[in-house]
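In: Next input, structure requested:
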Amino acid sequence: MAGERALVVGLGVTGRAAALALAARGWTVRAADRRPDADAGRLAEAGVEVLLGNEEEDLLQDVDVVVKSPGVPGEAPPVAAARARGVPVWSELELGWRLLPGNPIVGVTGTKGKTTTVRLLGAMFDAAGREAVLAGNEHTPLSEVALSVEAGTWIVCEVSSFALEDVHDFSCEVAVLLNVEPDHLDRHADFEAYRAAKLRILERANTRIVPRGSRLEGMEFGADDPLPAEPLLPGRHNRENAAAATAAARSAGIDEGAIADALRSFAGVPHRLEAVRELRGVRFVNDSKATNVAAAVRALETYAGEPVHVILGGSSKGEDFAPLAAAVRPNVRSVHLIGDEAGRLGELIESDVDETLDRAVAHAASLAAAGDVVLLSPACASYDQFRNFEERGDAFRRIVEALP
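Out: Presented below is the predicted three-dimensional model:
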């Protein structure tokens, strides 16, 4: 793969990594972003032609392939034009796979639990004394990993539905499908389109690990599976993640002792049921990554036996909140709504509209007694008031830590 000509569309972290990886391999690279203030990083000095804020220009001139960043929708003008002209469109995941020197991949996808499962798998490889590189969504882009990884090193890759939209030859030694529940319906045409994108990870995989009862061909896992040790992580959904990771680790040849060590010691990932502080007997839990209804329902189920004060709301992902309303059981002592979706949530759930996160935390804390849990599990995206779920979770942590 040298001497080709590529257009990279979208200059987020993943797009910049793709453009740099191609330039390093001797490709002629053009990189474009509709935002005039997009961060082009080191692209120009690497010899990449950078075009910002202009989609009128004929970006496809003399281009052999288009590499689409995961944040770029399929109907974006350069991408749609490429398809119309018969120019191949690759996701960054496809590009990264093609650039690898020949590495076995454990690919992990699902609506929720991807990052936790990937990092738990990384802990299992580490406990076994075997080198593995974490890549993909919320990790280092696969095309960047391909520049330095040694042949034969295992790669544990977190894969989103956006990354799977335009794969062609990408394949996994072990493919893990955790779950598929409504999400990203603001981007995908409908749930079936979203599900179809997720299922593409199973194509060409040597070993397929799938949820029990999914009616998909492969090795099944479930929350009730016997494990070599009980996971440190709280919640039934995390036991399900642990079962999936255990099945994948076994398929990759990790021994039972190392799997057990990782299960006992892995403490989880920030913003996923993260214990932030205990104050006067009240526990504050940051679950900002619960950006859809299914994730918030799981969080409420985790604390079903304890008094809970939950903070919900944010920006819309086009979801139905009825299942969330049904999950608000009598142990939920108060519900605090923030952000753009506060009004729609308030129509279904008896609640207080606090509008902002700082007010919601202060209000919930004032109502909570020793033994209660104050839980941020928004069931919504964060883009109305924050740049991303990490910024929202970090804000929650700061607000809680500042409580007198």
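In: Which residue ranges of the stretch 251-400 of the chain form strands?
Out: In the stretch 251-400 of the chain, the strands defined using DSSP state E, counting those that start in this stretch lie at 274-279, 282-286, 308-313, 332-338, 352-355, 373-376.
In: cool, and the stretch 101-250 of the chain?
Out: 105-109, 132-136, 154-158, 174-177, 207-211, 219-221.
In: mind giving me TSV with those strands and columns for mean pLDDT and distance to residue 284?
Out: Placement of C-beta: from N, CA and C, glycine included. TSV is the format used below for the strands of the stretch 101-250 of the chain (pLDDT from 0 to 100; distance: least, Cβ to Cβ, whole Å):
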stretch	mean pLDDT	distance to residue 284
strand 105-109	98	29
strand 132-136	98	28
strand 154-158	98	27
strand 174-177	98	32
strand 207-211	98	31
strand 219-221	98	32
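In: Let me know which of these is the nearest to residue 385.
Out: strand 154-158 (25.9 Å; Cβ to Cβ).
In: what's the offset of the closest one from the middle of its chain?
Out: Distance of strand 154-158 from the chain centroid (Cα atoms, centre = their mean, to the nearest Å) equals 14 Å.
In: now the angle between strand 105-109 and it, please.
Out: 10 degrees (axes from the mean of the first three to the mean of the last three Cα atoms, to 10 degrees).
In: From the rest of the structure, what touches strand 154-158?
Out: Applying Cβ atoms under 8 Å, 6 or more residues apart in numbering, the contact partners of strand 154-158 are 93, 100, 103-109, 114-115, 118, 121-122, 125, 130-139, 142, 145, 149, 172, 252.
In: Please pick the buried ones from the residues you listed.
Out: 93, 100, 103-109, 114-115, 118, 121-122, 125, 130, 132-137, 139, 142, 145, 149, 172, 252 (16 or more other Cβ atoms under 10 Å).
In: now the stretch 51-200 of the chain, which segments are flagged as low pLDDT?
Out: The model of the stretch 51-200 of the chain has pLDDT under 70 over residues 55-57, 182-189.
In: Would you state the helices of it in chain order?
Out: Ranges of helices within the stretch 51-200 of the chain are 77-85, 92-99, 114-127, 142-145, 161-164, 191-199, based on DSSP state H, counting those that start in this stretch.
In: Could I get the buried residue list for the last one?
Out: Think helix 191-199. 194, 196-199.
In: Spatially, which two of those residues are the most separated?
Out: 194 and 199 (9.9 Å).
In: any common contacting residues for those two?
Out: Shared contacts of residue 194 and residue 199, defined by Cβ under 8 Å, 6+ apart, are found at residue 180.
In: which ones are touching residue 88?
Out: 64-66, 82, 168.
In: Now rank these by neighbours and give me the top one.
Out: residue 66 (26 neighbours; other Cβ atoms under 10 Å).
In: who are the neighbours in contact with the closest residue to that one other than its chain neighbours?
Out: Among residues not flanking residue 66 along the chain, residue 82 sits closest, at 4.3 Å (Cβ to Cβ, 6 or more residues apart in numbering). When contacts are counted by Cβ under 8 Å, 6+ apart, residue 82 touches 7, 60, 63, 66, 88-89.
In: what do you get if the cut-off is 6 Å, keeping everything else the same?
Out: With contact taken as Cβ atoms under 6 Å, 6 or more residues apart in numbering, residue 82 is in contact with 60, 66, 89.
In: wait, doesn't the second one sit right on residue 7?
Out: Yes: assessed by Cβ atoms under 6 Å, residue 66 is found in contact with residue 7 at 4.9 Å.
In: Nearest to residue 232, out of the helices of the stretch 51-200 of the chain?
Out: Taking these one by one with Cβ to Cβ, helix 114-127 is closest: 10.0 Å.
In: by contact count, what packs against that closest one?
Out: Applying 3 or more Cβ pairs under 6 Å, 6 or more residues apart in numbering; DSSP states H and E, we find helix 114-127 packed against strand 105-109, strand 132-136, strand 154-158, helix 236-251, helix 256-265.
In: So which bits of the fourth one are buried?
Out: Of all the residues in helix 236-251, those buried under the rule 16+ other Cβ under 10 Å are 237-251.
In: what number of residues lie near the closest residue to residue 280 other than its chain neighbours?
Out: Distances taken as Cβ to Cβ, 6+ apart put residue 370 closest to residue 280, at 6.2 Å, once the chain neighbours are dropped. Residue 370: 11 surrounding residues under other Cβ under 10 Å.
In: related to what we said a few turns ago, I'd like the helices of the stretch 51-200 of the chain as CSV, with distance to residue 354 appended.
Out: Formatted as CSV, these follow (distance: least, Cβ to Cβ, whole Å):
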stretch, distance to residue 354
helix 77-85, 40
helix 92-99, 39
helix 114-127, 28
helix 142-145, 41
helix 161-164, 32
helix 191-199, 31
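In: Of these, which is nearest residue 19?
Out: Using Cβ to Cβ, the helices of the stretch 51-200 of the chain put helix 142-145 closest to residue 19, at 8.9 Å.
In: how far is that closest one from where the chain is centred?
Out: Relative to the chain's own centre, helix 142-145 is displaced by 17 Å; criterion: Cα atoms, centre = their mean.
In: got the CA coordinates for that helix in PDB?
Out: Presented in PDB, the C-alpha positions along helix 142-145 are these (Å, rounded to 0.1, in the frame of the first residue of the first chain):
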ATOM      1  CA  LEU A 142      -6.000   1.600  14.800                       C
ATOM      2  CA  SER A 143      -4.200   3.400  11.900                       C
ATOM      3  CA  GLU A 144      -1.900   5.000  14.400                       C
ATOM      4  CA  VAL A 145      -1.300   1.700  16.200                       C
END
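In: Relative to residue 339, which of the contacts of residue 88 is nearest.
Out: Using Cβ to Cβ as the measure, the one of those that approaches residue 339 most closely is residue 66, at 35.2 Å.
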